[in-house]
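Novice: I'll drop the sequence and a predicted model, then ask my questions.
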Amino acid sequence: MPPLVQTLAWAMAPTWLMDRCARTLGEWFTLTFFPSGMQLVLVSDPEAVKTAFTASPEVAPSGAANSPVAPVMGPHSVIVLTGAEHLRQRKLLLPPFHGERMREYEDAIVEATRRDMAAWPVGKPMRLHERTRAITLEVILRAVFGVEAERMDRVREAVGTLLVPASTLLLMRLALRRPSLERPGGEFGQALDRLDAVLYEELERRRSREDLAERRDILSLLMQARDEDGQPMTDAELRDELVSLLLAGHETTATSVAWAIERLVRHPDKLERLVAEIDAHPDGGEEYMTAVVNETLRVRPVVPIVVRMLKGELQVGPYTLPAGTRLTPSIYLTNRNPRVYREPDEFRPERFLDSAPETFSWIPFGGGIRRCIGAAFAQLEMKLILRTVLSELQPTLPRGRRWRAGEGTRRRAITLVPAAGARVVWRRRGASV
Ligand code: HEM
């Protein structure tokens, strides 16, 4: 295809383009974008993915510094940095995301879900994605700011604006024409300014408080964290990490929950099995739930690709890729590689009952030293939201033939979301239909 057509298809129908290329070209192909001529070498061979994720970060650092997220998250963001600076930020950020800390977020997740569900219509169609987005925003605000999240309306509003669909176009423009660390302008830039102002105010306020050492929220932990030289994070670093966590941490998870329900409602036998497990183990017997979450993240990954920008030559499978290549594991295609998965397009949680996902062929959270810091948090959140909702409500399809087929995939900024917002009609459990 001419680069202009590839570019339009990548912007408007990325899964169609990837499926088509995989069908005709296989596990390796190159996309070329117009007008920059920028190229991505997409791979979905698990061996190539392994090489990309395990190569030394000097040779294959993340390409996020040149990605559309960089100007928003800022130059100190763990998502944007590479090399030693990346490792320093990553080490400072990891402790609040360790396994045993997770318990502390459980109540916040269940509470936020119950509060939102109280206003859901029963018997009428609803776009679930809008509501899961509100729930996960509350959860991340609560986890990051603690009880003070209650009065964070200005953050709520600014983050909402940063993620409106209009920003998709802006991000694509930034991606294709001007990959730089320049801050965006316009409405988007103003929302970013407002967010920054509140975050800096909050840092100032906390610093003057005496109970900082006793507080358990992520911001307080980050303010007290020290690197190997005993140095705390600067305000600019704290700002960039907070924005990164707020943005990376909520839209992705919200979309994954929406996809889970979108899939389950079209597979009544799976839904029934899940609900039976929830009823039998209200406090979390999780075998089938884990399989449902793993399968949703496999078949509907929200982040389609990750990029490693080669700084030196790298042998990947049969190819020697030169420095400057954007080696791009396709999460979408790797997760449905027909050499690894039988009936890869089918939603079949059972495939994960006997075998856990493999590190390099199930990659919704990327991999290597850049693997998503929030993976455990996100999976816990998905399970708790699903459990809380399905304990009370049963999802059914809206009336009409068009809803029987699954929802298509639409691009929203850098994520892949259900095209109709995961439309469902809720029934109260136990009520006659
Ligand atoms: C289902 C939900 C989520 C998905 C699918 C997801 C996916 C990803 C992916 C694909 C990457 C890039 C990995 C790579 O380059 O190899 C990433 C990185 C990251 N994610 Fe997530 N994420 C999710 C939830 C979260 C949450 C809840 C948080 C935090 C609260 C979070 C924070 C981060 C951070 C900080 C990074 C950068 C890690 C680094 O570069 O060292 N994510 N995520």
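Specialist: Cool, got the structure.
Novice: and the helix or strand containing residue 416, which strands flank it?
Specialist: Secondary structure assignment for residue 416, by DSSP states H and E: strand 415-418. Applying DSSP bridges to the sheet, strand 415-418 is found paired with strand 409-412 (antiparallel).
Novice: is the ligand within reach of the partner strand?
Specialist: No. Judged by CB under 6 Å from any ligand atom, strand 409-412 stays clear of the ligand, getting no closer than 13.4 Å. Backbone N, C-alpha and C define where each C-beta goes, glycine included.
Novice: only the buried residues of that strand, if you could.
Specialist: Buried residues in strand 409-412, counted by 16 or more other CB atoms under 10 Å: 409-412.
Novice: now that strand: mean pLDDT?
Specialist: The average pLDDT within strand 409-412 is 88.
Novice: from the chain's centroid, how far away is it?
Specialist: 13 Å (CA atoms, centre = their mean, to the nearest Å).
Novice: sec struct for residue 426, please.
Specialist: Assigned state for residue 426: strand (three-state reduction, DSSP: H, G, I helix; E, B strand; the rest coil).
Novice: please name the bridge partners of it.
Specialist: Beta-bridge partners, per DSSP bridges, of residue 426: residue 395.
Novice: closest residue of the stretch 1-150 of the chain to the ligand?
Specialist: Per CB to the nearest ligand atom, residue 79 is where the stretch 1-150 of the chain lies closest to the ligand, at 4.3 Å.
Novice: near the ligand, which residues of this protein?
Specialist: So the chain meets the ligand at 62, 78-79, 90, 140, 244-245, 248-249, 252-253, 256, 302-303, 306, 364-367, 370-374, 377-378 (CB under 6 Å from any ligand atom).
Novice: which among those count as buried?
Specialist: Looking at the residues of the chain next to the ligand with 16+ other CB under 10 Å, the buried ones turn out to be 62, 78-79, 90, 140, 244-245, 248-249, 252-253, 256, 302-303, 306, 364-367, 370, 372-374, 377-378.
Novice: for residue 157, which three-state class applies?
Specialist: Residue 157 - assigned by three-state DSSP - is helix.
Novice: how about the contacts made by it?
Specialist: Residues in contact with residue 157 (CB atoms under 8 Å, 6 or more residues apart in numbering) are residue 194.
Novice: once you drop chain neighbours, what's closest to residue 362?
Specialist: residue 298 (5.7 Å; CB to CB, 6 or more residues apart in numbering).
Novice: my read: that neighbour touches residue 357, true?
Specialist: Yes. Contact criterion CB atoms under 8 Å: residue 298 and residue 357 qualify, at 7.1 Å.
Novice: neighbour count winner among those two?
Specialist: Neighbour comparison, residue 298 and residue 357: the larger count goes to residue 298, with 25 against 18 (by other CB atoms under 10 Å).
Novice: wait, a strand at that one?
Specialist: No. Applying three-state DSSP, one finds residue 298 to be helix, outside a strand.
Novice: that one and the ligand: what is the separation?
Specialist: For residue 298, the distance to the ligand (CB to the nearest ligand atom, to the nearest Å) stands at 11 Å.
Novice: quick check, pLDDT for that residue.
Specialist: 98.
Novice: and it, what does it touch?
Specialist: Residue 298 touches 335-336, 341, 357, 362, 364, counting by CB under 8 Å, 6+ apart.
Novice: which strand or helix spans the residue nearest the centre of the chain?
Specialist: The residue lying closest to the centre of the chain (CA atoms, centre = their mean) is residue 252, at 2.9 Å. For residue 252, the host element (DSSP H and E) is helix 235-264.
Novice: how far out from the middle of the chain is that helix?
Specialist: 5 Å.
Novice: check the stretch 151-300 of the chain for the residue nearest the ligand and tell me.
Specialist: residue 249 (2.9 Å).
Novice: out of everything not next to it in sequence, what's closest to that residue?
Specialist: residue 140 (4.5 Å).
Novice: using the three-state scheme, assign the one you found.
Specialist: helix.
Novice: does it touch residue 245 like I think?
Specialist: Yes. Counting by CB under 8 Å, residue 140 touches residue 245, with 6.7 Å between them.
Novice: host element of residue 328?
Specialist: Counting by DSSP H and E, residue 328 is found in strand 326-329.
Novice: and the next helix or strand after that strand, how far from the chain's centre?
Specialist: Sequence order places helix 331-334 as the next helix or strand after strand 326-329, per DSSP H and E. The gap between where helix 331-334 is centred and where its chain is centred comes out at 14 Å by CA atoms, centre = their mean.
Novice: same for helix 331-334, what does it pack against?
Specialist: If contacts are counted by 3 or more CB pairs under 8 Å, 6 or more residues apart in numbering; DSSP states H and E, helix 331-334 sits against helix 14-25.
Novice: buried residues in stretch 138-147?
Specialist: Applying 16+ other CB under 10 Å to stretch 138-147 flags 138-146 as buried.
Novice: and the gap between residue 34 and residue 411?
Specialist: Per CB to CB, to the nearest Å, residue 34 is found 17 Å from residue 411.
Novice: which neighbouring elements make contact with the stretch of helix or strand residue 112 belongs to?
Specialist: Using DSSP H and E, the element containing residue 112 is helix 103-117. Based on contacts counted as 3+ CB pairs under 8 Å, 6+ apart, the elements that helix 103-117 packs against are helix 128-145, helix 375-392.
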